[in-house]
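Engineer: coords please:
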Amino acid sequence: MRYSTILCNNFITNIENSKNLSILTIKAYISDLNDFINFDGDEIVSKDLISYINYLRTVKNLKDTSIKRKLVTISLFYNYLVEENIFETNPLTKLKLNFKKEKRLPKTLTVREVSKILSVIDANLESEFSSFSKFINIRDAAILDLLITTGIRIHELSSLQFRDIIHHDHTILIHGKGRKQRLIYISSQVTWDRLKSWLKLRKELSQNHDYVFTNRYHNKISIYAIEDIYAKYRNIAKINDKSTPHYLRHTFATNLLANGADIRAVQEILGHSSITTTQIYTEVTNKRKKQVLNKFNYRNKL
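Structural biologist: A predicted model of the protein is given here:
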């Protein structure tokens, strides 16, 4: 095994043990580093960063946003090498790079599309089912309704444990990015009742862990399983077939702001470390207001 590969493996092990990162983030880091250390066949100490960035732009045809994300991974890796006294400094800090500032608006569902998902949930719960189908339908209803009502991330939902549920206050404790915690109040009684129905069924199952949501093998549910659950209901509801569970988070935030919520409160609810991350949702609401006014304002036709 090449020395650079060993260093990368050690770095990944280090961040897995020291940071509260999702499986998807870890996989992205691994992919980024594999691309980097395999570039031009050289060892890590002799990498030409400018050539690598040009390669990403011209050969891989990546957008600046994708390149910047890869460079964040590489910079973290170099910082680790500095901490381990393998490098004296992080070579990326010496580079002056110019990137286009590209704003990508969050992708959302319409209220009507979310309503269609809820209708599918209702229909499944009202149908006759076997004990296994009961397990699946009640669990899926609680999962999707929680995502809709709270806007939490799917890895946060996957990590939810019994001790995180504060029954007397209809509140859940969320363990977010960077080991930050936040309390989320479940404002919908229907959502709370669906969660309680699942908890009652879940406690009847003999399991060796305290995770709230489980798969058919009674292990902690994965984020991939949650994505599959969403895709199943999305397809039955016949809504945007490119949408993912994260659309529910974007939809949640956008509608809070559109309905008059304070942006600081939305920032806290979403668990954003910076308000600039939250402000992108105001652009979505403004865009929609413009569309409505352009289409329906009577003054336009006078």
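Engineer: tell me where the model's unsure across the stretch 101-250 of the chain.
Structural biologist: Within the stretch 101-250 of the chain, the set of residues satisfying pLDDT under 70 comprises 101-103, 128-129, 206.
Engineer: now the strands: where do they sit in it?
Structural biologist: 165-166, 171-175, 181-185 (DSSP state E, counting those that start in this stretch).
Engineer: got the angle between the last one and strand 171-175?
Structural biologist: Pointing back at strand 181-185 there. 150 degrees (axes from the mean of the first three to the mean of the last three C-alpha atoms, to 10 degrees).
Engineer: tell me the buried residues in strand 181-185?
Structural biologist: Ile184 (16 or more other C-beta atoms under 10 Å). Placement of C-beta: from N, CA and C, glycine included.
Engineer: so which elements touch the longest helix along the chain?
Structural biologist: The longest helix of the chain (DSSP state H) is helix 275-296. Applying 3 or more C-beta pairs under 8 Å, 6 or more residues apart in numbering; DSSP states H and E, one finds that helix 275-296 contacts helix 245-258, helix 263-270.
Engineer: and Arg202, how far is that from Ser133?
Structural biologist: For Arg202, the distance to Ser133 equals 16 Å [C-beta to C-beta, to the nearest Å].
Engineer: nope, Val284 is what I was after
Structural biologist: 37 Å.
Engineer: now do Leu125
Structural biologist: 10 Å.
Engineer: between the two, tell me which one has more neighbours.
Structural biologist: Leu125 (15 against 12; other C-beta atoms under 10 Å).
Engineer: endpoint to endpoint, stretch 148-164 covers what distance?
Structural biologist: 19 Å (C-alpha to C-alpha, to the nearest Å).
Engineer: buried ones in it, by neighbour count?
Structural biologist: Neighbour-count burial for stretch 148-164 [16+ other C-beta under 10 Å]: 148-160, 164.
Engineer: what do you get for stretch 5-21?
Structural biologist: 7-8, 11-12, 15, 21.
Engineer: just checking, which of the residues you listed belong to helices?
Structural biologist: Using DSSP H, these in helices are 7-8, 11-12, 15.
Engineer: farthest pair within those residues?
Structural biologist: Using C-beta to C-beta, those span at most 12.9 Å, a distance reached by Leu7 and Ile15.
Engineer: would you turn the helices and strands packed on helix 275-296 into CSV with mean neighbour count?
Structural biologist: Below are those laid out as CSV (neighbours: other C-beta atoms under 10 Å):
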stretch, mean neighbour count
helix 245-258, 21
helix 263-270, 17
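Engineer: closest to Arg288 out of those helices?
Structural biologist: Taking the helices and strands packed on helix 275-296 one by one with C-beta to C-beta, helix 245-258 is closest: 7.1 Å.
Engineer: got the angle for that closest one vs helix 263-270?
Structural biologist: Using the same axes, to 10 degrees: helix 245-258 against helix 263-270 is 160 degrees.
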